[in-house]
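Participant: Sharing a model that was predicted from the sequence below.
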Amino acid sequence: MKLDKLLDAIGMVDAELIERARITPAKKSKKRHIRWTVPVAACLAVIIGLSVFFSLKGNTSPMILNTYAIAQAQYPETAKYPTSIGGLIYSEADYDKWREDVAKRRSYMGQGENLDLFFKHTASEFLKNCESDNLVYSPLNVYMALAMLAETSEGETRQQILDLLGAKSIAALREQAHAIWNANYCDDGAVTSILGSSLWLDEDFDYNKEVVSTLAENYYASVFRGKMGSKSYNKTYSEWLNSQTGGILKEYTEKAEMSPETLLNLVTTIYFQAKWDGEFHKENNTTNAFHKATGDVNCEFMNQKITYGNYYWGEKFSATSKSLKNSGSMWFILPDEGVTPQDLLKNEEALSFMTDPLDWEQSRSLKVNLSVPKFDVSSRINLTNGLQRLGVTDCFDFTASDFSPLVGNSQPAEISAAEHTARVIIDEEGVTAAAYTELRLAGAAAPPEDEIDFVLDRPFIFVITGEDALPLFIGVVNNP
Amino acid sequence: MEEKKILELYENRSEEAITQTKAKYGAYCLSIAMRILQNREDACECENDTYMKAWNTIPPKKPSPLSSYLGTITRTLSLDRLRRKNAMKRSELVWVSFEELEECIPSDKSIQEELEAKELAEYISTFLQSLPKHEANVFLNRYWYFLSIKEISEKYGFTQSKVKMMLSRTRSKLSDYLSKEGIFI
């Protein structure tokens, strides 16, 4: 057919012509650019003014936050991901700017090699009570909180933390934490990964500004000081938590408060959002039974055939992964029949996989027919007992703790709350803040075929890794 | 990852080549397939088939730029799929372009020589290279990338009527050119 032939011929024209036509011309004229800058600046001033106005009315948080803030984290600016990047209409200038930011972020990567033991020990400890509940733990987030805590302490209190983190010195830890934070921070419109930390001080504290400054600069921590137990201070606390977690943990943050007896409150948050690299299609979803420990429940499963999938296996588990666009991956780890997630969390081999899956040797590339339930899991984990079992004890006991770098020698202080709240939602589009598998064949063996059905219809473990492959989240899904 | 490094991965037969290709050009290929097929599932399959084809052809091929090579594969696979699926029910967007394209086909067949699509492509390339850049760009955005008139006008800052006028003139010029070269389609 003539038209088809013409269409095909156009399709085969010179490659340079095709490439030239793809690129959107950059906007020219410097004058135009400057003219636009002024109104933007003016708009900014108006927005600030509005914030103050509403604050006086008592409706918004910025003014209140500023009242209590000694230091507020200043997150780096991230170039926005051009919305149709990779598509047909985008600006090369925007793309270049974004790539520059990605390159900068990557320059911080590869700093967490000594953290394997910390990840393994803490994942095993904090997730061990997962008989029937869903649990979500963010190793990186807790790492940041502990590093911060080490900065505020001295002597044995600090050394216990350094030992758990596998750090040789506070200087080495500071450098590493700074690099890890930057390697994992992204807010470019396509991926959101924000590790939030804050320190809440009582107003009667005499704090050391130098330490506060170190926390704010190197750990991107916000530090607040106010009357513990007061309605206003608790409101600020709740609002800070809510804003740091994208509003998705409102159920927890609304009730968050600090008692009048609190002297020092250390809080860490994490908010992560990324799209699948290859979304699921809703029309392929199916309703199937998910076999909980306590009985079956019907769930909506997302299904996808991954042509170039990866299949991993160990003695007691099998796993597959799905990439996240411009970010890391989500790993779905399915315990073998008769093995529970809890068993895997005590298993050295499985823990090794969870904390460093990228270099796993027992892997094979094949077509994976993935079937994973949509889930929305959240949990609050009290870290206190777990940290104590892991050797970090002094900071929880004011008779033994040494927080002199922050509060001087005269004021005894202890950590009154070390809580970790996280929520992971997965749907057809991607992951917000945080998966299962049933293999038809028995685990612990290489797949015999080039194609495998990976059906996550019973309790499973998931791991979400960031771009630098460090585990952002590890979770157990008992009830999707 | 730079294109050069991705091509090195293909040369070294590293499967990472596909991962990196997908990361860098996945959205680009998918957008081409989507415009033609108007169906996400079909488009995704064409996108994946593109990687397979690239994997099987590089080496020996050393395409540059890689983006155009991949885009060409996706476009060809997508059009093939569309034809296979239902020859009579082309997606609306492609169908409009088809009707317009009829104007490019010379009507006088008496002295014309029938060519394969590949040879015809060389003639069309020569023709497009002879045009002012913006005219060739607009033509390819419409008939290679299947962008709408509105999208092209936004991309280049032209009015929609100007884009329509440019396309009409270019189609007419192409028809004249092919006729003069004695091409039979």
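Facilitator: That came in fine, so what should we check first?
Participant: Where does chain B get nearest to chain A, which residue?
Facilitator: Proximity of chain B to chain A (C-beta to the nearest C-beta) peaks at residue B:27, 3.0 Å away. Backbone N, C-alpha and C define where each C-beta goes, glycine included.
Participant: Counting neighbours, what do you get for that residue?
Facilitator: 19 (other C-beta atoms under 10 Å in any protein chain shown).
Participant: lowest-pLDDT helix or strand in chain B?
Facilitator: strand B:113-114 (a mean of 50; mean pLDDT, DSSP states H and E).
Participant: what element comes up after that one heading to the C-terminus?
Facilitator: helix B:117-130 (DSSP states H and E).
Participant: helices or strands up against that following helix?
Facilitator: On a contact count with 3 or more C-beta pairs under 8 Å, 6 or more residues apart in numbering or on different chains; DSSP states H and E, helix B:117-130 meets helix A:2-11, helix A:15-22, helix B:133-143, helix B:160-181.
Participant: any idea how far it is from the chain center?
Facilitator: Helix B:117-130 sits 13 Å away from the centroid of its parent chain (C-alpha atoms, centre = their mean, to the nearest Å).
Participant: For the chain, give me the ranges with low pLDDT.
Facilitator: Since you didn't name a chain, this refers to chain A. A:1-2, A:25-66, A:82-93, A:95, A:307-308, A:359, A:365, A:410-411, A:431-449 (pLDDT under 70).
Participant: right idea, wrong chain: chain B
Facilitator: If you take pLDDT under 70 as the line, chain B has these spans: B:86-99, B:107-115, B:184-185.
Participant: Tell me which residue lies nearest the centroid of it.
Facilitator: residue B:144 (3.2 Å; C-alpha atoms, centre = their mean).
Participant: Wait, that residue touches residue A:12, no?
Facilitator: No: using C-beta atoms under 8 Å, residue B:144 is not in contact with residue A:12, being 9.9 Å away.
Participant: and residue 18, how many residues sit next to it?
Facilitator: Let's take chain A. Residue A:18 - counted by other C-beta under 10 Å - has 24 other residues nearby.
Participant: wrong chain, I was asking about chain B
Facilitator: 20.
Participant: mind listing what residue 165 touches?
Facilitator: Because you didn't say which chain, this covers chain A. Residue A:165 makes contact with A:115, A:118, A:143, A:146, A:147, A:150, A:173 under the criterion C-beta atoms under 8 Å, 6 or more residues apart in numbering or on different chains.
Participant: Run through the strands of the stretch 251-400 of chain A in chain order.
Facilitator: A:264-275, A:286-292, A:295-313, A:317-323, A:329-335, A:363-373, A:375-382 (DSSP state E, counting those that start in this stretch).
Participant: Please apply the same query to the stretch 1-150 of chain A.
Facilitator: A:69-71, A:135-137.
Participant: Output these as a markdown table; include the columns distance to chain B and mean neighbour count.
Facilitator: Shown next, in a markdown table, are these (distance: least, C-beta to the nearest C-beta, whole Å; neighbours: other C-beta atoms under 10 Å in any protein chain shown):
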| stretch | distance to chain B | mean neighbour count |
| --- | --- | --- |
| strand A:69-71 | 37 | 19 |
| strand A:135-137 | 27 | 25 |
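Participant: so can I have CSV of these showing distance to residue A:257?
Facilitator: Supplementary listing: the strands of the stretch 1-150 of chain A in CSV, determined by distance: least, C-beta to C-beta, whole Å:
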stretch, distance to residue A:257
strand A:69-71, 18
strand A:135-137, 22
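Participant: For residue A:346, find the nearest of these.
Facilitator: Nearest of those to residue A:346, taken as C-beta to C-beta: strand A:135-137 at 14.5 Å.
Participant: Show me what that closest one is packed up against.
Facilitator: helix A:116-126, strand A:375-382, strand A:418-426, strand A:471-477.
Participant: thinking again about what came up before, now distance to residue A:131 too, for the helices and strands packed on helix B:117-130, in JSON lines please.
Facilitator: Shown next, in JSON lines, are the helices and strands packed on helix B:117-130 (distance: least, C-beta to C-beta, whole Å):
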{"stretch": "helix A:2-11", "distance to residue A:131": "59"}
{"stretch": "helix A:15-22", "distance to residue A:131": "55"}
{"stretch": "helix B:133-143", "distance to residue A:131": "59"}
{"stretch": "helix B:160-181", "distance to residue A:131": "64"}
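Participant: of all those, which lies closest to residue A:203?
Facilitator: helix A:15-22 (59.4 Å).
Participant: Just list the residues touching whatever residue of the stretch 151-300 of chain A ends up closest to chain B, thanks.
Facilitator: Closest contact between the stretch 151-300 of chain A and chain B, by C-beta to the nearest C-beta, is at residue A:281 (5.9 Å). Contact analysis of residue A:281 by C-beta under 8 Å, 6+ apart lists A:304, A:428, B:40, B:41.
Participant: Please pick the buried ones from those.
Facilitator: A:304, A:428 (16 or more other C-beta atoms under 10 Å in any protein chain shown).
Participant: so which of the contacts of residue A:281 comes closest to residue A:375?
Facilitator: Out of the contacts of residue A:281, the member with the shortest distance to residue A:375 (by C-beta to C-beta) is residue A:428, at 12.5 Å.
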